[in-house]
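Chemist: predicted model follows, preceded by the sequence.
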Amino acid sequence: MLGTDSQVHPSHTLFITGIVIQNVGKGAWACFRKEIVDRQMTTLHERISYETSLTEQVASFFTEKRKNELIEVVLPHIYKGATFTIEGHIDIGSGDRNRTRVYVNEMVSRIESLGMEPKIKPDSIVASSYANRYTK
């Protein structure tokens, strides 16, 4: 699972991209990448689009060769219910009161174009929870 969140600070905007590998029922491994833009990015579309770009950038490191290597690790455990999916978590929601709802189709299409399964709120836990924790 990959996802990015941001926080506008007085002198900069901080972006955190999280990578989480989950072993359902047994825990998870996680790390994050930090990027600072030396200005306040106050335009919502610009910030959401940049968050999605950073998630896409990290996803590009998962080449077909690397994905196949990961699948080889999971394959012996398929009969125990193991699966392998790369999810792109986007910090947007489709609810009527959510200001980001107008960007859902655009950002979901971008994630799908890379072959990832898009997740939006409330299911985008890497962006809206894990990465969010480190943006403060």
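Modeler: Alright, I've got the coordinates.
Chemist: tell me the bridge partners for L2.
Modeler: I19, G88 (DSSP bridges).
Chemist: any idea which helix or strand in this protein has the lowest mean pLDDT?
Modeler: Taking mean pLDDT, DSSP states H and E as the measure, the chain has helix 64-74 as its least confident helix or strand, at a mean of 92.
Chemist: residues in contact with that one?
Modeler: F62, A82, T83, F84, I86 (CB atoms under 8 Å, 6 or more residues apart in numbering). Every C-beta, even on glycine, is put in place using the N, C-alpha and C of the backbone.
Chemist: over to stretch 26-46?
Modeler: 6, 8-22, 47, 50, 54, 58, 99-100, 103, 130-131, 134.
Chemist: which members of those occur in strands, if any?
Modeler: Among the contacts of stretch 26-46, the members falling in strands (DSSP state E) are S6, V8, T13, L14, F15, I16, T17, G18, I19, V20, I21, Q22.
Chemist: next, give phi and psi for the residue of the chain positioned farthest from its centre.
Modeler: The C-alpha centroid of the chain is most remote from Y79, which lies 28.0 Å away (CA atoms, centre = their mean). Main-chain dihedrals, Y79, degrees, to the nearest 10: phi -70, psi -20.
Chemist: and it, how close does it get to S124?
Modeler: Shown here: Y79 relative to S124, a distance of 30 Å by CB to CB, to the nearest Å.
Chemist: could you flag which of the contacts of stretch 26-46 are buried?
Modeler: 6, 13-20, 47, 50, 54, 58, 100, 103, 130-131, 134 (16 or more other CB atoms under 10 Å).
Chemist: for T13, name its beta-bridge partners.
Modeler: V8, V37.
Chemist: for this structure, which spans come out with low pLDDT?
Modeler: Counting by pLDDT under 70, not a single residue of the chain qualifies.
Chemist: one more pass at 90, please.
Modeler: Counting by pLDDT under 90, the chain contains low-confidence ranges at 23-26, 74, 77-78, 80-84.
Chemist: which residues sit against stretch 106-120?
Modeler: 1-3, 48-49, 52, 55-56, 59-60, 85-90, 92-94, 104, 125.
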